[in-house]
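below: sequence and its predicted model.
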Amino acid sequence: MARMYSRGKGKHGSKKPPTKKLPSWFKLDKKTVENLVIELAKQRYSSAKIGLILRDKYGIPDVKKATGKTISQIMKENKLYPEYPEDLLNLFKKAVRLYEHLQKNKADKHSKHGFENLESKIKRLIKYYQRKKVLPKDFVYDIEKIKLIVQK
């Protein structure tokens, strides 16, 4: 029996078109796009959310093609990028929620196992960011410290 789906990338999800240049209908200039990114970053949106807003509300297909820089680069240049990388912050938020759940539900073994796996993933990511010098070498994962970071 033949396979219905190929290996590798599946059939689901949206994919960017493989073009190297902006479409002819796109008329905004580089500075306008950068200003929109800065304005949305000041409203404390994540870079992923900024990309979605620019695509859906302003019709900007690709910020990097429009400006030559990624959303994160624009945010870093204007000192609007969060202190901790977004992927790590999202894991921190998830860990805090799960930790608080486990404080109330001590017998939840499945969530406890998930929390252990999540902590392992966080620790691996911290090691990676320490190697890349994004985080200081003395940064240590501690759930109480993470609660304070997430509250900011």
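All right, it came through fine.

from here on, contacts and neighbour counts on C-alpha atoms
OK.

now stretch 79-91: average pLDDT?
Taken as a whole, stretch 79-91 has an average pLDDT of 90.

other residues contacting it?
Residues outside stretch 79-91 that contact it (CA atoms under 8 Å, 6 or more residues apart in numbering): Ile38, Ala41, Lys42, Ser46, Ser72, Met75, Leu118, Ile122, Leu125, Ile126, Leu135, Val150.

gap between the fourth one and His113?
What it means is Ser46. As for Ser46, its distance to His113 is 29 Å (criterion: CA to CA, to the nearest Å).

and if you look at the second one?
For Ala41, the distance to His113 equals 36 Å [CA to CA].

more crowded one of these two?
Ala41 (23 against 11; other CA atoms under 10 Å).

and the closest residue to that one other than its chain neighbours, how many neighbours?
Ranked by CA to CA, 6 or more residues apart in numbering and with sequence neighbours excluded, the top spatial neighbour of Ala41 is Leu80, at 6.3 Å. When neighbours are defined as other CA under 10 Å, Leu80 has 17 of them.

show me the chain divided up by domain.
Per automatic domain parsing, the structural domains of the chain span 30-77, 86-151.

most tightly packed of the ones you listed?
domain 30-77 (a mean of 16; mean count of other CA atoms under 10 Å).

which strand or helix spans the residue nearest to Ala41?
Assigned by DSSP states H and E, Leu80 falls within no helix or strand.

residues contacting the longest helix anywhere in the chain, please?
Using DSSP state H to define each element, the chain has its longest helix at helix 109-131. Applying CA under 8 Å, 6+ apart, the contact partners of helix 109-131 are Leu88, Leu91, Phe92, Ala95, Leu98, Tyr99, Leu102, Leu135, Pro136, Lys137, Tyr141.
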